[in-house]
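>>> Quick one, fold the following:
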Amino acid sequence: MIRENLIKALIAIGVFVVLMAALGFLFEDELATATSWVVERIGFAGLCMILLVTDTFVTPFPPDILLIVIAKSSLSEQWPFYVLILSMVSVFAGMLGWGIGRWLGHFQFAKRLFGEFKDEHREFIRRYGFWAVVIGAITPLPFSVTCWASGVMGLRAVTVFSAAALFRIPRFFIYYWIIASTSQWF
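Here you go, the predicted structure:
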């Protein structure tokens, strides 16, 4: 199961690289204009608020769009600072999502949605839950879904935080590097 999910994660990352390269090549001027406009209108604090909402609640908005904004705007001059702050906001948002999941886990509809857990299932979740959060943290899939599910399933906060901090922060730096360099590859 973990091996299959890691393979899916690698495929998703590969698709992401190709997509970013194609977008960067085909729409470089348009991206630069649009991202500069976004930064002028809402600033970096606005980008952080967008990320806080989209990584806390289940939305189809990937954080990688914000990394594109940084890469294609004046923020790119100090990108390590901005990427670090965004990644920490994402980890914080994930923990808020975990809290929402814990709260939702007390309701019958959430239990029906995620299923009732027998003791042997709980042991499996405790044993491999860290890696499930890691997969959610590094792939382009919605991180909020992973965090909500881990809350509903009763994963410990320290497990979710550890997986998110250890893998979500480097993911932002790696994805930023991919975004910033793919337009030069093609």
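
>>> Next, the nearest residue to residue 53 once chain neighbours are set aside: secondary structure please.
Residue nearest to residue 53 in three dimensions, not counting chain neighbours: residue 59, with 7.3 Å by CB to CB, 6 or more residues apart in numbering. All C-beta atoms are positioned from the backbone trio N, CA, C, and that covers glycine. Per DSSP: H, G, I helix; E, B strand; the rest coil, the secondary structure class of residue 59 is coil.

>>> so how far is residue 50 from residue 59?
10 Å (CB to CB, to the nearest Å).

>>> quick one, which of these two is more surrounded?
Between residue 59 and residue 50, residue 50 has the larger neighbour count (other CB atoms under 10 Å), namely 20 against 13.

>>> Am I right that that one is in contact with residue 66?
Yes - using CB atoms under 8 Å, residue 50 is in contact with residue 66, at 6.6 Å.

>>> ok, the residue nearest to residue 53 - contacts?
53, 142, 144 (CB atoms under 8 Å, 6 or more residues apart in numbering).

>>> which one of these is nearest residue 81?
Closest approach between these and residue 81, by CB to CB: residue 53, at 21.7 Å.

>>> buried stuff in the helix or strand harbouring the closest one?
Using DSSP states H and E, residue 53 sits in helix 28-56. Of all the residues in helix 28-56, those buried under the rule 16 or more other CB atoms under 10 Å are 31, 35, 38-39, 44, 47-48, 50-52, 54-56.

>>> give the contact list for the spatially most central residue of the chain.
By CA atoms, centre = their mean, the chain has its centre lying nearest to residue 143, at 4.5 Å. Residues near residue 143 by CB under 8 Å, 6+ apart: 55, 63, 90, 93-94, 97, 136-137, 164, 168.

>>> Ok, residue 71 next?
Contacts of residue 71 by CB under 8 Å, 6+ apart are 35, 79, 176, 179-180.

>>> let's go with 6 Å and repeat that
Going by CB atoms under 6 Å, 6 or more residues apart in numbering, residue 71 touches 179-180.

>>> now it: how far from residue 133?
27 Å.

>>> okay, now residue 153: neighbour count?
Burial of residue 153, expressed as a neighbour count using other CB under 10 Å, amounts to 20.
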